[in-house]
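1. Sequence first, then the predicted structure:
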Amino acid sequence: MIQVARSLTWLLIFGAIACRGRRAPVVEPLHQHEARRVMERFVAFRLEPAGMPPPSLGSREATSEVPGVEGTARLVLAEDAPWNQWPGPTSRLFNNRSAHLFDLDIRSDGHDVRWIPERTTLELNVVGNVLRPAATQEALLEELVFWAFQQERAVLDGDLVDRTRAAGDLRRAYLPREPKEHLQGIVAFPLVVTDENEEHLGDLAPSELHVVSMRLTVGLEVEGTTSSLVWLLE
């Protein structure tokens, strides 16, 4: 799997280029060729259709309620989301390999509700196989922004910079952090290895785990009191 940490060599190369001043960067052909090869791997891994099976669920939508608050959660596939459409066969920002996404619609009986990311979890298949949410959409854009920067530094043709500039729809679609009577938006659970899920994955990458059950818990604060909405999809 492509990881930003694997690109330390490229950071050193492009950092040296940047230090040459404000002149147009001059990139050695060998470095440019290698940069292009790595960019192509990134595009194939993160932007082209992942080809992974979606979670096997009886329904992708469920409702939940506690006194004074009710909500609907709907599983969304990144490659199908309207904010992620891009001309051609690739996703605008990332593919299904990056995260599990939910569209949440939470309403109260007249009081402001605040989303608490720290009390929000997604459990897959078994108790304890936990993913944590991205508190904002920026965590989902880090790799794309990084490689867009490197594409410019290497003076390569491509559209990664254009993609980053077209991320406004995702930013507007993400679940807000400020309290509201009606919370509506996307919450993403990045598919990464953590101390909480490593033992459940074995040799699998998080995106390779076939999901047959999802337990989504969303932490909320209403009038200074914390509570949770819980949805079970299986």
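-> Noted; the coordinates are in hand. Numbers count the residues shown, from 1 in each chain.
2. C-alpha only now, for contacts and for neighbours.
-> Will do.
3. Surely residue 189 and residue 131 touch.
-> Yes. Counting by C-alpha atoms under 8 Å, residue 189 does reach residue 131; the two are 6.0 Å apart.
4. Mind listing the shared neighbours of those two?
-> Common neighbours of residue 189 and residue 131 (criterion: C-alpha atoms under 8 Å, 6 or more residues apart in numbering): residue 122.
5. Tell me which of the two has more neighbours.
-> Legend: neighbour count by other C-alpha atoms under 10 Å for residue 189 and residue 131, higher for residue 131 (24 against 20).
6. Okay, and the beta partners of that one?
-> Residue 131 has these beta-bridge partners by DSSP bridges: residue 122.
7. contacting residues for it?
-> With C-alpha under 8 Å, 6+ apart, residue 131 has these contacts: 121, 122, 123, 124, 189, 190, 191, 192, 194, 196, 197.
8. Checking the fifth one next. Helix, strand or coil?
-> Judged by DSSP: H, G, I helix; E, B strand; the rest coil, the three-state class of residue 189 is strand.
9. Would you agree residue 219 is in contact with residue 122?
-> No. Residue 219 lies out of contact with residue 122 (C-alpha under 8 Å); the separation is 11.4 Å.
10. Make sure I have this right: residue 38 is in a helix.
-> Yes. Under three-state DSSP, residue 38 sits within a helix.
11. can you give me phi and psi for residue 113?
-> phi -120, psi 130 (degrees, to the nearest 10).
12. That one: neighbouring residues, count only.
-> So residue 113, with other C-alpha under 10 Å, has 25 neighbours.
13. rewinding a little: let's have the contacts of residue 131 in a markdown table, adding pLDDT and distance to residue 82.
-> As requested, the contacts of residue 131 are arranged in a markdown table below (pLDDT from 0 to 100; distance: C-alpha to C-alpha, whole Å):
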| residue | pLDDT | distance to residue 82 |
| --- | --- | --- |
| 121 | 98 | 25 |
| 122 | 98 | 23 |
| 123 | 98 | 26 |
| 124 | 98 | 25 |
| 189 | 98 | 18 |
| 190 | 98 | 19 |
| 191 | 97 | 21 |
| 192 | 96 | 24 |
| 194 | 93 | 29 |
| 196 | 93 | 32 |
| 197 | 95 | 30 |
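14. need these in JSON lines with distance to residue 205, can you?
-> Putting those into JSON lines (distance: C-alpha to C-alpha, whole Å) gives the following:
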{"residue": "121", "distance to residue 205": "19"}
{"residue": "122", "distance to residue 205": "17"}
{"residue": "123", "distance to residue 205": "16"}
{"residue": "124", "distance to residue 205": "14"}
{"residue": "189", "distance to residue 205": "15"}
{"residue": "190", "distance to residue 205": "12"}
{"residue": "191", "distance to residue 205": "8"}
{"residue": "192", "distance to residue 205": "8"}
{"residue": "194", "distance to residue 205": "11"}
{"residue": "196", "distance to residue 205": "14"}
{"residue": "197", "distance to residue 205": "11"}
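15. Which one of the residues you listed is nearest to residue 152?
-> residue 190 (26.4 Å; C-alpha to C-alpha).
16. for the protein, what helix or strand is lowest in average pLDDT?
-> Across the helices and strands of the chain, mean confidence by mean pLDDT, DSSP states H and E is lowest for helix 8-18: a mean of 40.
17. Is residue 105 bridged to anything, and to what?
-> Residues in a beta bridge with residue 105, per DSSP bridges, are residue 72, residue 184.
18. so what's it up against?
-> Taking C-alpha under 8 Å, 6+ apart as the test, what residue 105 contacts is 71, 72, 73, 182, 183, 184, 185.
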